[in-house]
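Enquirer: based on what follows, work out the 3D shape:
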Amino acid sequence: MFFTRKPFPVQLHEQLPLNTRIEDVVFTVFDTETTGFQIASTDRLIEMAAVTIKGCEVQQSDTFRLYVNPERQISQEITDLTTISNEHVAGAPLSLEAIEQFFHFVQKHGTTCLVGHYVAFDILVLKNELKRNKFHLKKLQHLDTLDLIGFIAPSFDMRDLERYAQVFGTRIYPRHQAMGDALTTAYLFVELLEHFKDRGYSTWGDLLQVTYSPTRYLSF
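Expert: Numbers count the residues shown, from 1 in each chain. Have a look, this model is predicted:
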């Protein structure tokens, strides 16, 4: 028997002219925390956070953060890493409601592109939580700070967010917490955009070209 998954009702403002100035593109930087790395099977979402970038500036006065009930126990190891305990998530919304609230925030700000550091993991978290709720997501445009770093500083070969923030001299917030990592990523991304513009690039099309990845558009 085949089960049809419904399309999840979200649409980013993707149809910008390629000659749109980078300053006129709205980005939402986001991060997730989970009970572990087996997100396709046993592990679940426990926190989401996001911050918007407009005019190449982090809009820190307007952020999104939400604990998520994973419907399973959080291990002591994960609590020690993230500070998120079973008590934090006991009365929190389930994953589908949390993702709906997240995308309401995204759409409210007219977001064109989602941004994350090693964003493939966060996208897969959303994918698997939606799959459990019999939804799928189409054409989710996103950008990984690692791709932009790979263009600006191709000799760098590391993945740790904090080390990159130190190298580029940007703000560092509490690690392994969705809000802290989202803010750290946002300020790193803004700095990377300044380096990008300093090299003579100025448009949305330029940014898409240098960060192109066949996986930018995913159908779940």
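
Enquirer: what is the rounded mean pLDDT of the strand or helix carrying residue 101?
Expert: Assigned by DSSP states H and E, residue 101 belongs to helix 95-108. The average pLDDT for helix 95-108 rounds to 97.

Enquirer: show me which positions of it end up buried.
Expert: By 16 or more other CB atoms under 10 Å, the buried positions in helix 95-108 come out as 95, 96, 98, 99, 102, 103, 105, 106. Where C-beta positions appear, they are placed from N, C-alpha and C, glycine not excepted.

Enquirer: in this structure, which spans are strands?
Expert: For the chain, the strands defined by DSSP state E cover 6-7, 27-34, 45-54, 57-67, 113-116, 135-136, 142-144.

Enquirer: which outside residues touch the second one?
Expert: Counting by CB atoms under 8 Å, 6 or more residues apart in numbering, the neighbours of strand 27-34 from elsewhere in the structure are 43-53, 64, 70, 82, 84, 102, 105-106, 109, 111-117, 121-122, 125-126, 143, 176-179, 181-182, 185-186, 189.

Enquirer: hmm, which of those are the buried ones?
Expert: The buried subset of these (16+ other CB under 10 Å) comprises 43-53, 64, 70, 82, 84, 102, 105-106, 109, 111-117, 122, 125-126, 143, 176-179, 181-182, 185-186, 189.

Enquirer: low-confidence stretches in the protein?
Expert: Low-confidence segments of the chain, defined by pLDDT under 70: 1-3, 213-220.
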